[in-house]
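Undergrad: here is my input, please return the structure:
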Amino acid sequence: MSLTPVIDSGLPVDALVTWVDGSDPAHKAKMEKHLSRQSSGRIPGASPTRFASVNEIRYCVLSILRFAPFIRNIFILTDGQGPGLRADIERWFPGRRDSVKIVDHREAFRGYEHYLPAFSSRSISSMAWRIEGLSDNFVYFNDDTFLIREVSRDDWFRAGRPVLRGTWATVPLFRILRDKVMSALIPLFRQGRDWEPRASYHMGQWGAALLAGFRWRYFYFGHAPFAIDRRVMERFFNGNQQLMEKNISYRFRNFRQYDFISLACHLELASGNMNITRNDFAYLQPYNRRRNYISGKIQICERNDRIRFLCVQSLEMCTPEEQKLVFNWLTYRLGMEEN
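TA: Numbers count the residues shown, from 1 in each chain. From the prediction side, this is the model:
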């Protein structure tokens, strides 16, 4: 059974997905080499769960092909790996095999290879705009983000400008003060050892807002695919190369790094982009939840046809039964159930 949709013409839009398989022995060895003198337990950005994969990438890519047929190419940015999706694409979307392109970190980091290998998503995403052939208008996906209903170009780009999903938030003063106090006190009780704060989702966005000139508030967005104008990022980094190099100099995710997507968002806002809309995504973090948590979230997604995007985090920490429940439902949403 083929699910191949009609591919319409119009504004070129690509999708970019960052992905890594942390269970790959080669990837593990590469990480261990750079952790040889440090304990991964002391580096929040080196936690194994950040790199774990239970094949979410399969549903991410297939959902784009299914619900966003206008997407021209899907670039998967990875580190010498491949997700093994050819058979699925040939079966369900014949003719789209060449639309899915595997891109190695070395291409995005060309000229900056001395910063590789990179294990920080913030470092890697900061170079994503440099991929050869990537359209000026592209949508950034994490591999645990999926489409569950049809979307159109206007959901991501209007009048040639990215659509921004989120809400305004005030300065995260509590987190700023907490990190300063903990950084000062904890070494006193750990025999002088340094302490590194966790790279907070909010703080990464606040750091990006500061770079774009915002001082009293920031635009907070959730875990959904995000539209980006590649040209905006190219102009910014060409004029601020030191900022780019500082961000990619961290091999593991670090609290000092700013969030690339948030920077793109705040640069849009600073330039007068008012394509702002409410969040229309669902967020699942099913690990260690109550018994009916997953089924309850699924019911919400089924009832609310405004929800078109879904993020499922830490699925690798769930039981096989919980993983099966999520993947069976995604298979149903994609119309890929076996006859």
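Undergrad: switch to C-alpha atoms for all contacts and neighbour counts from now on
TA: Will do.
Undergrad: helix or strand: which one has the nearest residue to residue 298 once chain neighbours are set aside?
TA: Of all residues not flanking residue 298 in the chain, residue 329 sits nearest, at 7.8 Å (Cα to Cα, 6 or more residues apart in numbering). Assigned by DSSP states H and E, residue 329 falls within helix 320-334.
Undergrad: list the buried ones in that helix?
TA: 322, 323, 326, 330, 333, 334 (16 or more other Cα atoms under 10 Å).
Undergrad: which residues touch residue 266?
TA: Listed by Cα atoms under 8 Å, 6 or more residues apart in numbering, the contact set of residue 266 reads 208, 209, 212, 218, 219.
Undergrad: the third one against residue 265, yeah?
TA: I take that to be residue 212. No: here residue 212 does not reach residue 265: they are 9.2 Å apart, not a contact under Cα atoms under 8 Å.
Undergrad: so which of those two has more stuff around it?
TA: Shown here are residue 212 and residue 265; by other Cα atoms under 10 Å, residue 265 has more neighbours (29 against 21).
Undergrad: residue contacts, the more buried one?
TA: 164, 219, 228.
Undergrad: what's the spacing between the second one and residue 210?
TA: Residue 219 sits at a distance of 11 Å from residue 210 (criterion: Cα to Cα, to the nearest Å).
Undergrad: out of the two, which sits in the more crowded spot?
TA: Set residue 219 next to residue 210 and count neighbours by other Cα under 10 Å: residue 219 wins out with 22 against 16.
Undergrad: let me know the helix or strand that the more buried one is in.
TA: strand 217-220.
Undergrad: tally of neighbours for residue 277?
TA: 12.
Undergrad: how far away is residue 89 from residue 326?
TA: 21 Å.
Undergrad: ignore what I typed, I meant residue 146.
TA: To residue 326, residue 146 is 12 Å away according to Cα to Cα.
Undergrad: so the closest residue to residue 283 other than its chain neighbours, which of the three states?
TA: Excluding its sequence neighbours, the residue lying closest to residue 283 (Cα to Cα, 6+ apart) is residue 311, at 5.0 Å. Following DSSP: H, G, I helix; E, B strand; the rest coil, residue 311 is assigned to strand.
Undergrad: for residue 311, name its beta-bridge partners.
TA: Note on residue 311: beta-bridge partners by DSSP bridges are residue 145, residue 283.
Undergrad: which stretches of the stretch 1-150 of the chain have low pLDDT?
TA: For the stretch 1-150 of the chain, applying pLDDT under 70 flags the ranges 1-10, 36-53.
Undergrad: do that again at 50, thanks
TA: Scanning the stretch 1-150 of the chain for pLDDT under 50 picks out the ranges 1-9, 45, 51.
Undergrad: what segments of the stretch 201-339 of the chain are helices?
TA: Along the stretch 201-339 of the chain, the stretches classed as helices by DSSP state H, counting those that start in this stretch are 201-211, 230-239, 241-248, 260-270, 293-303, 320-334.
Undergrad: among those helices, which is nearest residue 142?
TA: Between residue 142 and the helices of the stretch 201-339 of the chain, the shortest gap by Cα to Cα is with helix 260-270, which sits at 11.1 Å.
Undergrad: ok, now which ones touch the residue sitting nearest the centre point of the chain?
TA: Closest residue to the average C-alpha location of the chain: residue 142 at 2.9 Å, with Cα atoms, centre = their mean. The contact partners of residue 142, taken as Cα under 8 Å, 6+ apart, are 17, 18, 19, 225.
Undergrad: farthest-separated two in these?
TA: 19 and 225 (14.2 Å).
Undergrad: for residue 173, give me the pLDDT.
TA: We note a pLDDT of 84 for residue 173 in this prediction.
Undergrad: what distance do you get for it to residue 216?
TA: Residue 173 is 10 Å from residue 216, where distance means Cα to Cα.
Undergrad: return the member of the contacts of residue 142 nearest to residue 62.
TA: Using Cα to Cα, the contacts of residue 142 come closest to residue 62 at residue 17, 12.0 Å.
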